[in-house]
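A.B. asks: show me the folded form of this:
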Amino acid sequence: MEPGRRKILLVLMLCVSVSATEDSTLDRDWSEFWILRFFINLAGYSTIILPGYLLVQYFKHSNYLETGRGLCFPLIKTCVFGSDLKSGVQDEPSPTSRTEATETSFTRQTFKLLACVLGLQASYLTWGVLQERVMTRAYGRTETDPGVKFQDSQFLVFMNRILAVTVAGLCCALTKQPRHGAPMYKYSFASISNILSSWCQYEALKFISFPTQVLAKASKVIPVMLMGKIVSHKSYEYWEYLTAILISVGVSMFLLSNTQNKHPPTVTTFSGVVILAGYILFDSFTSNWQDALFKYKMSSIQMMFGVNLFSCLFTIGSLLEQGAFFQSLLFMIQHPEFAVHAGLLSICSACGQLFIFYTISQFGAAVFTIIMTLRQAFAILLSCFIYGHSVTVVGAFGLVTVFFSLFLRVYARSRMKSKKRIAQGQAPVQKV
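C.D. replies: Below you'll find the predicted structure:
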C-alpha cells in the first residue's frame with residue numbers, strides 16, 4: 001500500500017475510533033442524567049395513572065352504583081366509591097389504647113418505651129448506613145477492577161415497598177381493623193408523592209453527603225407548614241415560625257461551611273440541592289394528604305397497606321417498561337452483597353414503619369418526634385465515623401442550632417397541648 005493511502009486510512013480509522021468513543025460517552029452521560037431518568041419514571045407512572053383516571057371518571061359518571069352488577073361490582077365499588085365513612089378522629093386499632101397504656105405499671109411502660117427507642121434507632125440507623133453504602137460505594141471492587149455502582153434508585157424504592165405492603169397486609173389479616181371507608185384510588189396521590197420523595201432521597205446521595213441530606217430533611221418543617229396551609233388550610237403559632245427560621249439558619253450554616261471546606265463542583269451541588277428540594281416538596285405533600293385521608297375511618301396499618309400497594313403497582317410498571325427490572329435482578333445475581341444490602345434495606349424500612357405506628361399509638365407524637373430527632377443526630381455521627389465525612393466548627397454549630405430548634409419545637413407543642421387540656425378541665429396525661 002502506498003504511503004499516502006496508508007496515512008489516509010490511519011486518519012479515517014482514528015476518526016471512527018474517536019467518534020465511537022464520543023458516542024458511547026454521550027450515551028453514558030444521557031443515561032446518568034438524573035432529570036432525564038426522573039421524567040422517564042414519570043412517563044412510566046402516567047401509563048398507569050391516565051387509564052386509571054379515565055376509568056374512575058367513567059364509573060363516577062355512568063351511575064355505576066345503581067346499575068352495576070356482577071363479580072367485579074364489590075371491587076369497583078371499593079376502589080372508586082368506598083363506603084363514605086368519615087370521622088374527625090383517626091381510629092387506631094392497637095390492642096392497647098393510649099389511655100390504657102397510662103394505667104399500666106411504670107416498669108412495663110418503661111420497657112415498652114425502651115423497646116420503641118431501640119427498635120426505631122436500630123431500624124433507621126441501619127437503614128441510613130445501608131442507604132449510603134448502596135448509593136455511594138462500588139460493588140465487585142478488586143485490586144484490578146474498580147467495580148460498579150448500582151444506579152437505579154427506583155428499584156430500591158420497589159424493594160422497600162413490596163416488603164412493606166406484605167407486612168401491612170399480614171397485619172390487616174391477623175388483627176382487627178376498622179371498617180374501611182376511603183375509595184382506594186385516593187391512596188394513589190400519596191403513593192406517587194411517596195415514590196418520588198423516596199427516589200429523590202436515594203438519588204441525592206449521588207451528589208451530596210449523607211449528613212447534608214439528613215440535615216436538609218430536618219428542615220422540611222417549613223415546606224410542611226406551607227403545604228399544611230395550602231392543602232389543609234392550617235394555622236400556626238408564632239413559635240412554630242420562629243423554630244422554622246432557626247432550623248433554616250442552622251441548615252444554611254452547615255451547608256455553607258461544607259461547601260467552603262470541600263469546594264464541590266457547582267453542577268453537582270446544584271443537582272443535589274434541586275433533588276433535595278424535590279424530596280422535601282413531595283414528602284410534605286405526602287404527609288398532608290395522608291392527614292386528610294385520615295378523616296375516613298381507617299387505621300395506620302390500612303394507610304400503610306393502601307399507599308404501598310399503589311407504590312408497588314407504579315414502580316413495577318415503570319421498571320418493566322424501561323427494562324430496568326431484569327437489569328437490576330441481574331445486578332443482584334452478579335453481586336450477592338448488593339442483594340443482601342437491598343434486602344436489609346427493605347426489612348429496616350418495613351420494621352421502622354411498624355415501630356412508628358406503635359410508638360405514636362402508645363406514647364404520642366411528641367415522644368416519637370424526640371426519638372426520631374435523636375436518630376437524625378446519631379445518623380450524622382455514625383455516617384461521619386463510618387464513611388469519613390468531616391464537619392467544621394461552623395457546621396457543628398449549625399447542627400446544634402437545628403437540633404436545639406427541633407427540641408424547642410417539641411417542648412412548645414407539648415406545653416400548648418397541656419394548656420388546652422387544662423383549659424378544658426382535663427388533667428394532663430403523664431408520659432413515661
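
A.B. asks: average pLDDT for stretch 182-202, rounded please.
C.D. replies: Stretch 182-202 carries an average pLDDT of 92.

A.B. asks: kindly report the same for stretch 247-266.
C.D. replies: The predicted confidence, averaged over stretch 247-266, sits at 61.

A.B. asks: what's the answer for stretch 123-134, then?
C.D. replies: pLDDT averaged over stretch 123-134 gives 90.

A.B. asks: list the buried residues of stretch 133-141.
C.D. replies: Arg133, Val134, Met135, Tyr139 (16 or more other C-beta atoms under 10 Å). Placement of C-beta: from N, CA and C, glycine included.

A.B. asks: likewise for stretch 355-365?
C.D. replies: Phe355, Ile356, Phe357, Tyr358, Thr359, Ile360, Ser361, Gln362, Phe363, Gly364.

A.B. asks: hey, C-alpha coordinates of that stretch in PDB?
C.D. replies: Written as PDB, here are the backbone C-alpha positions of stretch 355-365 (Å, rounded to 0.1, in the frame of the first residue of the first chain):
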ATOM      1  CA  PHE A 355     -42.400   0.900  65.100                       C
ATOM      2  CA  ILE A 356     -43.500   4.400  64.100                       C
ATOM      3  CA  PHE A 357     -47.200   3.400  64.300                       C
ATOM      4  CA  TYR A 358     -46.800   1.600  67.600                       C
ATOM      5  CA  THR A 359     -44.800   4.300  69.300                       C
ATOM      6  CA  ILE A 360     -47.300   7.000  68.300                       C
ATOM      7  CA  SER A 361     -50.300   4.900  69.500                       C
ATOM      8  CA  GLN A 362     -48.600   4.200  72.800                       C
ATOM      9  CA  PHE A 363     -46.700   7.300  73.800                       C
ATOM     10  CA  GLY A 364     -48.000  10.100  71.400                       C
ATOM     11  CA  ALA A 365     -46.400  12.100  68.700                       C
END
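
A.B. asks: Ile52 and Leu319: what is the separation?
C.D. replies: Slight slip there: residue 52 is Gly, not Ile. In this view, Gly52 and Leu319 are 18 Å apart by C-beta to C-beta, to the nearest Å.

A.B. asks: do the same with Phe158
C.D. replies: 6 Å.

A.B. asks: cool, Phe363 as well?
C.D. replies: From Phe363 across to Leu319, the span is 38 Å (C-beta to C-beta).

A.B. asks: before we move on, what about Glu337?
C.D. replies: For Glu337 relative to Leu319 (C-beta to C-beta), the value is 21 Å.

A.B. asks: tell me which of these two has more neighbours.
C.D. replies: A count of neighbours by other C-beta atoms under 10 Å puts Leu319 above the other of Glu337 and Leu319, at 22 against 12.

A.B. asks: give me the three-state assignment for that one.
C.D. replies: helix (DSSP: H, G, I helix; E, B strand; the rest coil).

A.B. asks: name the nearest residue to it, ignoring sequence neighbours.
C.D. replies: Phe325 (3.8 Å; C-beta to C-beta, 6 or more residues apart in numbering).

A.B. asks: ok, now which ones touch that neighbour?
C.D. replies: Phe155, Phe158, Ile316, Leu319 (C-beta atoms under 8 Å, 6 or more residues apart in numbering).

A.B. asks: from what I see, Gln362 and Gly119 are in contact.
C.D. replies: No - with contacts defined as C-beta atoms under 8 Å, Gln362 does not count as touching Gly119, sitting 11.8 Å away.

A.B. asks: still on that earlier bit, in strands only, show me the contacts of Phe325.
C.D. replies: Within the contacts of Phe325, no residue falls in strands by DSSP state E.

A.B. asks: was I right to think Gln290 contacts Met304?
C.D. replies: No - applying C-beta under 8 Å, one finds Gln290 not in contact with Met304, separated by 9.8 Å.

A.B. asks: more neighbours, those two?
C.D. replies: Using other C-beta under 10 Å as the criterion, Gln290 and Met304 rank with Met304 on top: 23 against 19.

A.B. asks: got the contact list for the more buried one?
C.D. replies: With C-beta under 8 Å, 6+ apart, Met304 has these contacts: Ala164, Val165, Ala168, Gln353, Phe357.

A.B. asks: does the third one touch Ser300 like I think?
C.D. replies: No - at 9.3 Å, Ala168 and Ser300 do not qualify as touching, with contact defined as C-beta under 8 Å.

A.B. asks: which element is the most centrally placed residue in the chain on?
C.D. replies: Among the residues of the chain, the one closest to the centroid is Ser198, at 3.8 Å (C-alpha atoms, centre = their mean). Counting by DSSP states H and E, the element that carries Ser198 is helix 187-204.

A.B. asks: quick check: what element follows that helix along the chain?
C.D. replies: Counting by DSSP H and E, what follows helix 187-204 is helix 210-218.

A.B. asks: that following helix relative to helix 187-204, how many degrees between them?
C.D. replies: Interaxial angle of helix 210-218 relative to helix 187-204 (axes from the mean of the first three to the mean of the last three C-alpha atoms, to 10 degrees): 150 degrees.

A.B. asks: return the distance of the next helix-or-strand element following helix 210-218 from the chain's centre.
C.D. replies: Next helix or strand after helix 210-218 toward the C-terminus (DSSP H and E): helix 221-227. How far helix 221-227 lies from its chain's middle: 16 Å, per C-alpha atoms, centre = their mean, to the nearest Å.

A.B. asks: grab the nearest non-local neighbour of Gln290.
C.D. replies: Ala190 (5.2 Å).

A.B. asks: OK, contacts around the one you found?
C.D. replies: By C-beta under 8 Å, 6+ apart, the neighbours of Ala190 are Phe285, Thr286, Trp289, Gln290, Leu293, Val307.

A.B. asks: against Ser284, how distant is it?
C.D. replies: 12 Å.

A.B. asks: then Ser418?
C.D. replies: Counting by C-beta to C-beta, the gap from Ser418 to Ser284 is 27 Å.

A.B. asks: looking at the two, which is more packed in?
C.D. replies: Ser284 (23 against 14).

A.B. asks: and the gap between the more buried one and Asp291?
C.D. replies: Distance from Ser284 to Asp291, by C-beta to C-beta: 11 Å.

A.B. asks: who touches both of the two?
C.D. replies: Counting by C-beta under 8 Å, 6+ apart, nothing touches both Ser284 and Asp291.

A.B. asks: closest one of the contacts of Met304 to Gln213?
C.D. replies: Relative to Gln213, the closest of the contacts of Met304 is Gln353; by C-beta to C-beta it sits at 19.6 Å.

A.B. asks: mind listing what that closest one touches?
C.D. replies: Ala164, Val167, Ala168, Met304.

A.B. asks: identify the farthest-apart pair in the residues you listed.
C.D. replies: Once C-beta to C-beta is applied, the contacts of Gln353 give Val167 and Met304 as the farthest pair, at 8.1 Å.
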